[in-house]
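sequence below, structure please.
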Amino acid sequence: MEALCQRAEAYYNREGIPFVTVTYAQSLDGSIAGLNGEPVAISCDESLVYTHALRACHDGIMVGIETVLSDNPSLSTRLVAGSSPRPIVLDSMLRMPHNAKLLAADNPVRPVIFTTDNSAPAQQEALRAKKACVKVLQANAQGWLALDDVLQALGEMGIKSLMVEGGGKVITSFIQSQAVDHLIVTLSMKMIGGRTVLNPQQMHNGLRGALPMELSLSEVHWEGNDIILHGDPVWEM
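Residues are numbered from 1 along each chain as shown. Next up is the predicted model:
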């Protein structure tokens, strides 16, 4: 992980935007959640500890609002020593619930919530009153947040390394935009029969369409019963 941290530091110094690591866990049949998007236990205990160690070597950790609504995550490093990364939520219309764990008064790391100029100003102020950092960006033609703008803003905030944990829509957006520098996949030995990581409809409707990508593997190891794959994406364009 030290090499990953050093690589992220060099990338930020050169590009001025965060080094992006996309991580997710999937079952043998490619599921990352239940069939209706409900959270299911995929990773074993050992790989969960590894994931928390990965969190500790990143400045920020990003999820979409759908993950907040379905999982209510804390995005902390409670299973390992080390600082928790700053939570970052993509929430175009500010559906962030005020009782989310990320907004809990005893959470020392306050979240950054990116939203569009289509969201309600009253909700923006209500979340700021909960000590969230609300960043309002111009919506793109689809009414979504533009990842290029989000990464630029994070770079200006000094976020050098970003771990993207999901869910599927956010990961699809990063892959579709070719905004992934490193990919880490936890492969569980379970069969779940649920949702897969890429959203086919989202890929079809995107500006660039579905682009083939191949992972250039750099490391493979076991954590308990799970296989951890590391690699860089190679885009075929």
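
mind listing what's buried in stretch 156-167?
For stretch 156-167, burial by neighbour count (16 or more other CB atoms under 10 Å) applies to 157, 159-167. No exception for glycine: its C-beta is placed from N, CA and C like everyone else's.

now for these, which pair is the farthest apart?
Within the buried residues of stretch 156-167, two members stand farthest from each other by CB to CB: 160 and 167, at 24.0 Å.

make a markdown table out of the buried residues of stretch 156-167 and add pLDDT and distance to residue 127.
Shown next, in a markdown table, are the buried residues of stretch 156-167 (pLDDT from 0 to 100; distance: CB to CB, whole Å):
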| residue | pLDDT | distance to residue 127 |
| --- | --- | --- |
| 157 | 97 | 17 |
| 159 | 98 | 19 |
| 160 | 97 | 25 |
| 161 | 98 | 25 |
| 162 | 98 | 21 |
| 163 | 98 | 22 |
| 164 | 98 | 21 |
| 165 | 95 | 21 |
| 166 | 83 | 21 |
| 167 | 89 | 21 |
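
which of those fall in strands?
Among these, DSSP state E puts 161-166 in strands.

adding distance to residue 76, write those residues out as CSV.
As requested, those are exported to CSV (distance: CB to CB, whole Å):
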residue, distance to residue 76
161, 17
162, 16
163, 13
164, 17
165, 12
166, 16
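
ok, of these, which one's closest to residue 9?
residue 161 (7.8 Å).

now do the contacts for that closest one.
5, 8-9, 12, 18-19, 21, 57-60 (CB atoms under 8 Å, 6 or more residues apart in numbering).

spatially nearest residue to it (excluding sequence neighbours)?
Excluding the flanking residues, the one nearest residue 161 by CB to CB, 6 or more residues apart in numbering is residue 8, at 3.8 Å.

just the element for the one you found, please.
helix 2-15 (DSSP states H and E).

buried sites along that helix?
4-5, 7-8, 11-12.

now do stretch 119-131
119, 123-124, 127, 130.

off-centre distance for it?
23 Å (CA atoms, centre = their mean, to the nearest Å).

got a list of contacts for that stretch?
91-94, 96, 98, 103, 110, 113, 115, 134, 136.
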